[in-house]
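> Requesting a structural model of the entry that follows:
(chains A and B)
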Amino acid sequence: AQTVTQSQPEMSVQEAETVTLSCTYDTSENNYYLFWYKQPPSRQMILVIRQEAYKQQNATENRFSVNFQKAAKSFSLKISDSQLGDTAMYFCAFMSYNNNDMRFGAGTRLTVKP
Amino acid sequence: DGGITQSPKYLFRKEGQNVTLSCEQNLNHDAMYWYRQDPGQGLRLIYYSQIVNDFQKGDIAEGYSVSREKKESFPLTVTSAQKNPTAFYLCASSTGNSHLRYEQYFGPGTRLTVT
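Predicted coordinates for the structure are as follows:
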């Protein structure tokens, strides 16, 4: 079974600075999707960014970008120009091409300080 | 607006009672899911359904039951057999298309407290 590991339970960053959240995963499959979700205090899960494993180019969405290292099974999230509204729990998730079963990491609590 | 609704936002029950959590979507998604979230943990899959009248157990299905009689609806019943039912419950849906297995869209969640 696939597992997703987020080794940083909590992180903090100063407003306008850059922060990187780590995620590693374990799978024997070659085709899959990876996601980062954000869960603010409202507890609504919001998709931040997605990456298809077959794409070598790292995904970017405005201030959010990923560093996808397929051989190392690593999928980190970089947040540039951090804003107070980025304060949230961030979850890394894995989904196989073969089924709809999405696996989540335990999450990283990010606090952006003014 | 298209989306997923869960009701109620907060639910309180006495121990020993069954309770049903509602999840409705108007996104025309085939697949629907139920997750449980506990403090300090990620989301754990309870049940999922890829099509009407079919559903599969997830990692922590014991003490829960579901039905999928309509494409739009996927209610979750927390039975008295569930030993630690107090948690935050999230419903999600996705296209389920085998060629477009995209991200899941989440509802706002239901906080269940059993005393």
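> Give the residue spans of the chain that score low on pLDDT.
Because you didn't say which chain, this covers chain A. Within chain A, the ranges that satisfy pLDDT under 70 run A:100.
> Let me rephrase: I mean chain B.
B:1-2, B:96-102.
> Contact residues of it facing chain A?
With the criterion set to CB under 8 Å from any CB of the partner chain, chain B comes near chain A through B:31, B:33, B:40-45, B:48, B:50, B:58, B:88, B:90, B:92, B:94, B:96, B:101-106, B:108-109. C-beta coordinates here come from the backbone N, C-alpha and C atoms, glycine included.
> beta partners of the residue most central in space within chain A?
By CA atoms, centre = their mean, chain A has its centre lying nearest to residue A:36, at 3.3 Å. Listed beta-bridge partners, residue A:36: residue A:49, residue A:92 (assigned using DSSP bridges).
> next one: phi and psi at residue A:85?
For residue A:85, the backbone dihedrals (degrees, to the nearest 10) come out as phi -70, psi -10.
> Would you tell me which residues of chain A are close to chain B?
A:4, A:6, A:9, A:33, A:35, A:37, A:42-47, A:50, A:91, A:95, A:97, A:100-102, A:104-107.
> Whichever of these end up buried, select them in ChimeraX.
Selection of the buried residues among the residues of chain A next to chain B in ChimeraX, burial being defined by 16 or more other CB atoms under 10 Å in any protein chain shown:
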select /A:4,6,33,35,37,43,45,47,50,91,95,100,101,102,104,105,106,107
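> Now do the buried residues in stretch A:9-26.
Those would be A:13, A:19, A:21-25, for stretch A:9-26 by 16+ other CB under 10 Å.
> Only C-alpha atoms, please: export it in CSV.
Extracted in CSV, the C-alpha atoms of stretch A:9-26 (Å, rounded to 0.1, in the frame of the first residue of the first chain):
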residue,chain,number,x,y,z
PRO,A,9,4.5,18.6,12.0
GLU,A,10,4.9,22.4,12.4
MET,A,11,6.6,25.2,10.6
SER,A,12,6.6,28.9,10.7
VAL,A,13,7.7,31.7,8.3
GLN,A,14,7.8,35.4,8.3
GLU,A,15,5.4,37.2,6.0
ALA,A,16,6.9,37.8,2.5
GLU,A,17,9.5,35.1,3.0
THR,A,18,9.7,31.7,1.3
VAL,A,19,9.1,28.3,2.9
THR,A,20,9.3,24.8,1.7
LEU,A,21,7.2,21.9,3.0
SER,A,22,8.5,18.4,2.6
CYS,A,23,6.7,15.2,1.5
THR,A,24,7.9,11.8,0.6
TYR,A,25,5.9,8.8,-0.5
ASP,A,26,6.3,5.1,-1.1
